[in-house]
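The sequence isn't on hand, but the structure is:
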Ligand SMILES: Cc1cc2nc3c(=O)[nH]c(=O)nc-3n(C[C@H](O)[C@H](O)[C@H](O)COP(=O)(O)O)c2cc1C
């Protein structure tokens, strides 16, 4: 597989999830006291590859910076994802390293720790070096993904209490939390027009909407997975098939030719 085309497992993945949401179980390691596995459901929001190297697709998901998985990933970035495509009857088990793209308003020590992994500095994985070369704007991408999500989803980052902590005040309290978060500018078009002509009208826009938007965007983080090993199982064909794909050469191509071998594949016993 040359670096100038997407890996075959990604083409198979896109086909398998053409009509189904790519929902996966994400396993991390919790190394707090003794190492323990942790697993939870996440949704993939698509792939992101460096322009020059489509063979290095990052899996893009989202999370809340306050959730325990963030600290687990920052302590040990090794993760595994298990996707099941029910219509295609295919499983993709993807091992890789995870990284977090936080809001610039995140507490500075945590922010710096997150940025370390994606900065493309010496020691980061090749995909982030490639993104650095093309001056990729991670904050722009974070906001773009946030804006693409539904108002109901956005509200999940606006919950005032920490995810996973005991609920203070019970359901009565939870009912008071915002159920939707809309972009403040998406107010009624008539108000928008007025605001354009009378800049002083800014002061009458709903401060609560702006506050909710800011809170949600502050807690919102991208969760990126850089795959290096894919176990692809096809149960929709007889005999069943199983293929392992792995990254084997992450070195720059010194020959001057376009592309280096990045992914190898091998058939396995299902
Ligand atoms: C269908 C489904 C999709 C989910 N998608 C995500 C997701 O994309 N990102 C995420 O952080 N949590 C997602 N969750 C919630 C997580 O499974 C989990 O409960 C939450 O993130 C807390 O995880 P943690 O305590 O391990 O950090 C989803 C849950 C379900 C049931």
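Cool, got the structure. This one's a predicted model, so the numbers in the text were calculated from it and none came from an experiment.

make it CA atoms for all contacts and neighbour counts henceforth
Noted.

pLDDT weak spots in this protein?
For the chain, the stretches with pLDDT under 70 are 1-3, 121-124, 186-189, 191-192, 195-196, 198-206, 249-261.

mind listing the strands for it?
Assigned by DSSP state E, the strands in the chain fall at 23-30, 36-43, 47-48, 58-64, 78-85, 90-101, 220-234, 241-247, 263-268.

Touching the fifth one from outside, list them.
Identification of contacts with strand 78-85 by C-alpha atoms under 8 Å, 6 or more residues apart in numbering yields 16-17, 20, 22-29, 73, 90-98, 225.

hmm, back to that, of all the strands of the chain, which lies closest to residue 5?
With C-alpha to C-alpha as the measure, strand 263-268 is the member of the strands of the chain nearest residue 5 (10.6 Å).

so what does that closest one touch, helix or strand wise?
With contacts taken as 3 or more C-alpha pairs under 8 Å, 6 or more residues apart in numbering; DSSP states H and E, strand 263-268 sits against strand 241-247.

quick one: contacts of the strand it packs on?
Here strand 241-247 has contacts from 9, 228-235, 262-270, using C-alpha under 8 Å, 6+ apart.

Would you indicate which residues of that strand are buried?
The neighbour-count check on strand 241-247 (16 or more other C-alpha atoms under 10 Å) flags 241-247 as buried.

Tell me what angle that strand forms with strand 263-268.
Between strand 241-247 and strand 263-268, the angle comes out at 150 degrees (axes from the mean of the first three to the mean of the last three C-alpha atoms, to 10 degrees).

Pull up the pairing partners for strand 241-247, direction included.
Using DSSP bridges, the strands paired with strand 241-247 are strand 220-234 (antiparallel), strand 263-268 (antiparallel).

need these in TSV with distance to residue 136, can you?
Below are the strands paired with strand 241-247 laid out as TSV (distance: least, C-alpha to C-alpha, whole Å):
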stretch	distance to residue 136
strand 220-234	14
strand 263-268	24
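
Just name the most buried of those strands.
Among those, ranked by average contacts under mean count of other C-alpha atoms under 10 Å, first place goes to strand 220-234 (a mean of 23).

Bridged to the residue most central in space within the chain, which residues?
The structure's the chain has its C-alpha centroid closest to residue 61; by C-alpha atoms, centre = their mean the separation is 2.3 Å. Beta bridges link residue 61 to residue 223, judged by DSSP bridges.

who's in contact with it?
Neighbouring residues of residue 61 by C-alpha under 8 Å, 6+ apart: 42-46, 222-224.
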